[in-house]
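Peer 1: I'll drop the sequence and a predicted model, then ask my questions.
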Amino acid sequence: MKQLRNVLTALLNVLAGVSLIAMVALTCWQVFTRYVLQNPSPWSEELVAYLFAWASLLGASIITGERGHMNIPIVAERFSPGIQKLLAIFSELTAFAFSLIILVYGGVKITSLAMGQMTSALGTAVGVFYVVMPLCGILNMIYTVLNISDISKNGVLTASEEKED
């Protein structure tokens, strides 16, 4: 399980990093074409917007894997360690349900609906860019299962705290 988490996280870190580098390069290209060549590049602006969405969702999956999602620990800390463990598992189950219903089910629906629409500058089906939703939904579901397994074994430590041990 730990090896699967490490491989997924490494892959997502590379994809998010490549996406960031591509966004910077494309934005520099936009500035160059607009102000130096006096001929703006519409396709690069559109691609940067889609890459930003991809990077955001991939980053959300990375955070899910690290159990770094937002929480309010002041409430959970008032309970015994056993109840804290149950609350942490409930939190992961909620994230799993959200990922299944909104990202996977909703993502598949919106992706298939958008396959008939074309982007204005790139000439690509919009659905191609929406594929990230179900993909990240599946990744989040895998991570939540791994998180539940870790919580069951080790308690309520986050994945980054477990690496320190």
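Peer 2: In hand now; what should we look at?

Peer 1: break down this structure into its strands, ranges please.
Peer 2: For the chain, strands defined by DSSP state E do not occur.

Peer 1: for it, which helix is longest?
Peer 2: In terms of residue count, the longest helix belonging to the chain (DSSP state H) is helix 2-31.

Peer 1: neighbours of the nearest residue to V108 once chain neighbours are set aside, how many?
Peer 2: What sits nearest to V108 in space, not counting adjacent residues and going by Cβ to Cβ, 6 or more residues apart in numbering, is P134, at 5.1 Å. No exception for glycine: its C-beta is placed from N, CA and C like everyone else's. P134 has 19 neighbours, counted by other Cβ atoms under 10 Å.

Peer 1: S112 is in contact with P134, correct?
Peer 2: No: P134 lies out of contact with S112 (Cβ atoms under 8 Å); the separation is 10.1 Å.

Peer 1: that older thread, check contacts around the residue nearest to V108.
Peer 2: Contact analysis of P134 by Cβ atoms under 8 Å, 6 or more residues apart in numbering lists L103, V104, G107, V108, T111.

Peer 1: which one (most neighbours) among those residues?
Peer 2: Result: L103 is most packed of those (other Cβ under 10 Å), 23 neighbours.

Peer 1: tell me how far that residue lies from T64.
Peer 2: 11 Å (Cβ to Cβ, to the nearest Å).

Peer 1: shared neighbours, those two?
Peer 2: Taking Cβ under 8 Å, 6+ apart as the contact rule, the neighbours common to L103 and T64 are N140.

Peer 1: ok so, going back, distance to A55 added to the contacts of P134, as JSON lines?
Peer 2: Output for those, formatted as JSON lines (distance: Cβ to Cβ, whole Å):
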{"residue": "L103", "distance to A55": "16"}
{"residue": "V104", "distance to A55": "20"}
{"residue": "G107", "distance to A55": "16"}
{"residue": "V108", "distance to A55": "21"}
{"residue": "T111", "distance to A55": "18"}
